[in-house]
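*Asks:* Sequence and predicted structure, then a few things I'm wondering about:
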Amino acid sequence: MNQGRDIGSQSRLKFFYFRPYINMGRFIIRAIVAFQDLYSIFNEGVIRVDANWPTDPDEEFDDSGLEGFQIPPESEISGLNQDVDTGERDLLYKWFCQIYRAFPKLTLEIIASKGNEYTDLIGELVTGGGYARSTDLHAVHDLLPSWFPNIQSVAKCSRGFFNHHTAMLLRPANVDADDSAAMKMYATDESLSFPPAAELPRFLYSGNPETVVDVDRPSLTILRGPHHFASYCRIYQSDKTAINIFTLDGKGDLNTLSGNVDERALSKRNLGTSVSVGKQCKISCPTPHAIAYAGCLLRAALSSTEKLMESEDSSTTYSYSTLYREIVDTVTPGDCASTNRATDAIMTWWTNHAYPTKQTAQHPPPARLSARERMKLEAQNAGNGEASPANSTAADHPEGAVPRQPTSQEQGIIHSNGSEESDEPQANDGGDE
């Protein structure tokens, strides 16, 4: 009897979980926008689409000029977003257009609904987004024990500013790790650690987490944190070991993150056939939204509160929406050419690391010559008075040095800045400078 009820409840849960609007909500929060009121987005869509809806009931809606729909001068429903400035409304409508292009039929059904039905359908989107956020937060949270052995899986007091390792990543980037007064203040109220009272958290920058960041010169360090990158891989590539392809000997030590690709770890990763969130959302390269979303979830996973929802009084909670917006703005091209170059460098870094097969040239090793072929080549070189490369000596070179042939591994290394370098061991302070 009890077993039958359990099976029935599971069936209802499965049916509800895979409802189309639930799936649509999961897609929106993972691929388009997060930490934004969906009602305001669809209200803006209703306002502009209604003004351009065909008057003839037999005529189909023409979405060819959707992105160009402007705020109508007069409308019965234009008061929905009347308290929002024009720039913000344009941004809301931009998100609406992206949602429409991904789900045209379902979006039009929401637009055509009225009253409680309209509210209920958007409510399902919100529910789907909540499912996605909870699932992705737990995925990032599962990474913590592999990073910090003293992290307990359940106790929140083992994280946040109560734990040295997580505190180093959560603290504002310009705050000294030895500033005990500041760290105690943040432990009492994490909302003071950012924003707008403080700088961005330390985990968004590369380098040793124990060091202070020069926040006035962020171009080479901002949004290159290894923990942030590992969280992105866990969410969008469903891969706990994706970080290993860039660590020393594939051991997964984030302090050794570099631009070098461990070819064995990369080959093993490429053999995986699991359907990841990135594939489901058709994300084939890092986007400003995905980078910001992963950063916010990492911040919540490191925190001792783990609450992503903000109250109406944002002064009492950590503002994830502000953090999300600032990360998105950091990597979104603008009007300044020099700033755009720095932005492009950040996105190139993410692309090179998250999708190395697209950027890293994997050169196959040269074919081995047989002993007879080597003998023939040696005889030809001797007849021409040339020394074979294998028998070269210092006397054969005017500078007294024998040129070393690069190995196939050295030929295949592409660093995050796009240049080719040798595979000689270098000092690394924990970041990919």
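*Replies:* Nice, I can see it. Keep in mind that what you see is a predicted model, and the values were worked out from it rather than measured. Numbering: from 1, shown residues only.
*Asks:* contacting residues around the strand or helix carrying Met185?
*Replies:* In the assignment (DSSP states H and E), Met185 maps to helix 180-188. Residues from elsewhere that reach helix 180-188, judged by CB atoms under 8 Å, 6 or more residues apart in numbering: Gly160, Phe161, Phe162, Ala167, Leu170, Arg171, Val175, Asp176, Ala177, Leu192, Ser193. (Each C-beta comes from the backbone N, C-alpha and C, glycine too.)
*Asks:* Quick one: these as CSV, columns for secondary structure too.
*Replies:* Converted to CSV, the contacts of helix 180-188 look like this (DSSP: H, G, I helix; E, B strand; the rest coil):
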residue, secondary structure
Gly160, helix
Phe161, helix
Phe162, helix
Ala167, helix
Leu170, helix
Arg171, coil
Val175, coil
Asp176, coil
Ala177, coil
Leu192, helix
Ser193, helix
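*Asks:* Mind checking which of the residues you listed are buried?
*Replies:* Buried members of the contacts of helix 180-188, counted by 16 or more other CB atoms under 10 Å: Gly160, Phe161, Ala167, Leu170, Arg171, Val175, Ala177, Leu192, Ser193.
*Asks:* Roughly how far does the last one sit from Gly225?
*Replies:* Counting by CB to CB, to the nearest Å, the gap between Ser193 and Gly225 amounts to 16 Å.
*Asks:* Identify the residues contacting the closest residue to Tyr293 other than its chain neighbours.
*Replies:* Excluding the flanking residues, the one nearest Tyr293 by CB to CB, 6 or more residues apart in numbering is Ala34, at 4.9 Å. By CB under 8 Å, 6+ apart, the contact list for Ala34 reads Gly129, Arg133, His289, Ala292, Tyr293, Cys296, Tyr324.
*Asks:* if you set the cut-off to 7 Å instead, what comes out?
*Replies:* Tyr293, Cys296, Tyr324 (CB atoms under 7 Å, 6 or more residues apart in numbering).
*Asks:* Out of these, which is nearest to Tyr205?
*Replies:* Using CB to CB, Cys296 comes nearest to Tyr205 of the contacts of Ala34, at 16.0 Å.
*Asks:* That closest one contacts Tyr324, doesn't it?
*Replies:* Yes: judged on CB atoms under 7 Å, Cys296 makes contact with Tyr324 at a distance of 5.3 Å.
*Asks:* list the residues that contact both of those two?
*Replies:* Ala34, Phe35.
*Asks:* And those two? Which one has more around it.
*Replies:* Cys296 (24 against 21; other CB atoms under 10 Å).
*Asks:* Let me know the pLDDT of the more buried one.
*Replies:* We have a pLDDT of 95 for Cys296.
*Asks:* I'd assumed it was in a helix, is it?
*Replies:* Yes: assessed with three-state DSSP, Cys296 lies in a helix.
*Asks:* residue contacts, it?
*Replies:* Ala34, Phe35, Tyr320, Leu323, Tyr324.
*Asks:* Could you name the helices and strands sitting against the helix or strand hosting the last one?
*Replies:* Read it as Tyr324. Element membership for Tyr324 (DSSP H and E) is helix 320-330. Helix 320-330 sits against helix 288-302, with contacts defined as 3 or more CB pairs under 7 Å, 6 or more residues apart in numbering; DSSP states H and E.
*Asks:* How many neighbouring residues does Asn174 have?
*Replies:* 14.
*Asks:* quick one, phi/psi of Ile71?
*Replies:* phi -70, psi 120 (degrees, to the nearest 10).
*Asks:* got any ranges where the protein has weak pLDDT?
*Replies:* Residues of the chain meeting the criterion pLDDT under 70: 1-18, 75-79, 152-157, 195-196, 239-275, 306-317, 357-369, 384-433.
*Asks:* Turn the contacts of Cys296 into a markdown table, columns for distance to Glu199.
*Replies:* Shown next, in a markdown table, are the contacts of Cys296 (distance: CB to CB, whole Å):
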| residue | distance to Glu199 |
| --- | --- |
| Ala34 | 22 |
| Phe35 | 19 |
| Tyr320 | 16 |
| Leu323 | 11 |
| Tyr324 | 16 |
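*Asks:* Nearest spatial neighbour of Ser276, chain-adjacent residues omitted?
*Replies:* Closest to Ser276 by CB to CB, 6+ apart is Ser238, at 4.0 Å.
*Asks:* Can you give me the neighbour number for that neighbour?
*Replies:* 17.
*Asks:* and it, which of the three is it?
*Replies:* Per three-state DSSP, Ser238 ends up coil.
*Asks:* can you tell me how far it sits from Ala139?
*Replies:* Taking CB to CB, one finds Ser238 at 8 Å from Ala139.
*Asks:* Going by the annotation, which residue ranges form each domain of this structure?
*Replies:* The chain resolves into domains spanning 2-128, 144-359 when parsed by automatic domain parsing.
*Asks:* What's the local residue count around Ser276?
*Replies:* 17.
*Asks:* so what's it up against?
*Replies:* Contacts of Ser276 (CB under 7 Å, 6+ apart): Tyr236, Gln237, Ser238.
*Asks:* ok, it to Ile235 distance?
*Replies:* Taking CB to CB, one finds Ser276 at 9 Å from Ile235.
*Asks:* Over to Leu302?
*Replies:* 15 Å.
*Asks:* who are the neighbours in contact with Ala294?
*Replies:* Taking CB under 7 Å, 6+ apart as the test, what Ala294 contacts is His228, Ser231, Tyr232, Ile235.
*Asks:* tell me the secondary structure for the residue lying closest to it once chain neighbours are set aside?
*Replies:* Nearest residue to Ala294, sequence neighbours excluded (CB to CB, 6+ apart): Tyr232, at 4.1 Å. Following three-state DSSP, the label given to Tyr232 is helix.
*Asks:* just checking, what packs against whichever helix in the chain runs longest?
*Replies:* What stands out as the longest helix in the chain, according to DSSP state H, is helix 115-141. Counting by 3+ CB pairs under 7 Å, 6+ apart, the packing neighbours recorded for helix 115-141 are helix 20-31, helix 38-51, helix 104-112, helix 226-236, helix 288-302.
*Asks:* Dump the last one to CSV, restricted to CA.
*Replies:* What that stands for is helix 288-302. Written as CSV, here are the backbone C-alpha positions of helix 288-302 (Å, rounded to 0.1, in the frame of the first residue of the first chain):
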residue,chain,number,x,y,z
PRO,A,288,28.7,36.3,-20.1
HIS,A,289,25.5,35.0,-18.6
ALA,A,290,27.0,31.5,-18.0
ILE,A,291,30.2,32.8,-16.5
ALA,A,292,28.2,35.1,-14.1
TYR,A,293,25.7,32.3,-13.2
ALA,A,294,28.6,29.9,-12.3
GLY,A,295,30.2,32.7,-10.2
CYS,A,296,27.1,33.3,-8.2
LEU,A,297,26.5,29.6,-7.5
LEU,A,298,30.1,29.2,-6.4
ARG,A,299,29.7,32.2,-4.1
ALA,A,300,26.6,30.5,-2.6
ALA,A,301,28.3,27.1,-2.3
LEU,A,302,31.3,28.6,-0.4
